[in-house]
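**Q** Predicted model, plus sequence, below.
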Amino acid sequence: SDSVLIAPSILSADYLRLSDELEQVSSADLIHFDVMDGHFVPNLTFGPDMLRAVAAASGLPVDAHLMVSNPDEVTEKYLDAGASIVSFHYEAALHAHRLVQLIKDRGAKASIALNPATPVSVLEPILDDLDMVLVMSVNPGFGGQTFIESTLRKLRRLRRMCDEHGVSPLVEVDGGISARNVAEVTASGANVFVAGSAVFGSADRAAAIADIRANAVA
Ligand code: DX5
Ligand code: ZN
């Protein structure tokens, strides 16, 4: 289908006005929730209690992106807290298959995230089990970075792999997405767009979301 999902990343929101920020992005489809542990990435953000509060305040499904070294240990806490989608990093998981089953058994959507230098081919054995693949288009850790162009080739390769397998997981792209580049990212096969600075860096968050959405389906 032609429909796309827009997932504002609250990493770039004003934390002291978070409930107001959530209200301002209510036209989005998902809330992207960046968990950083200061170890897998050199930055530290939110934990499961914050996720629970965000889920309750927003009403939109929470898309948890776990940038942590120990997803095998902590994923369950984010399921308990009410995440609707959980992405863990391939590079950090010891038991990716087991984690995917856990997430799905708990009624959430299971997703694996790939760093820019990790090839999509690593997903070959598990692709058929995934509800979503998260392709990082910047090195994880910070908002406001520049989109890495080679991501487009990687997205096309992932699309071919999915066609070969006869599966169609959601394909999420995260990092440096804006209304200016979202058309070519859509054309390369993505359909879920994370946007941090492009949304929360705009005075009118709803307009920024509408702008990304309009360009994605164009
Ligand atoms: C980066 C995070 C992203 C970040 C994107 O590690 O995973 O979700 O918020 O921010 P922008 O859209 O500003 O690149
Ligand atoms: Zn993210």
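**A** Ah, there it is. Ligands and ions are numbered 1, 2, ... in the order given.
**Q** and the helix or strand harbouring residue 173, is it in reach of ligand 2?
**A** Here residue 173, judged by DSSP states H and E, is contained in strand 170-174. Yes - residues of strand 170-174 contacting ligand 2 under C-beta under 5 Å from the ion: residue 174. C-beta coordinates here come from the backbone N, C-alpha and C atoms, glycine included.
**Q** Give me the residues contacting that strand.
**A** The contact list for strand 170-174 (C-beta atoms under 8 Å, 6 or more residues apart in numbering) reads 5, 7, 9, 32, 63, 65, 87, 109, 111, 113, 131-138, 140, 151, 155, 158-159, 162, 185, 189-194.
**Q** residues in the chain within reach of ligand 1, list them.
**A** 9, 11-12, 32, 34, 65, 138, 140-145, 174-177, 194-198 (C-beta under 6 Å from any ligand atom).
**Q** you'd agree residue 14 is up against residue 25?
**A** No - the criterion here is C-beta atoms under 8 Å, and residue 14 misses it with residue 25 at 11.9 Å.
**Q** Compare these two and say which is more crowded by neighbours.
**A** residue 25 (24 against 11; other C-beta atoms under 10 Å).
**Q** Now residue 44: phi and psi?
**A** When read as degrees, to the nearest 10, the backbone of residue 44 gives phi -130, psi 130.
**Q** Just list the residues touching residue 151, thanks.
**A** 116, 135, 136, 137, 173, 185, 188.
**Q** what's the neighbour count on the fourth one?
**A** The number of residues packed near residue 137 is 26, by other C-beta under 10 Å.
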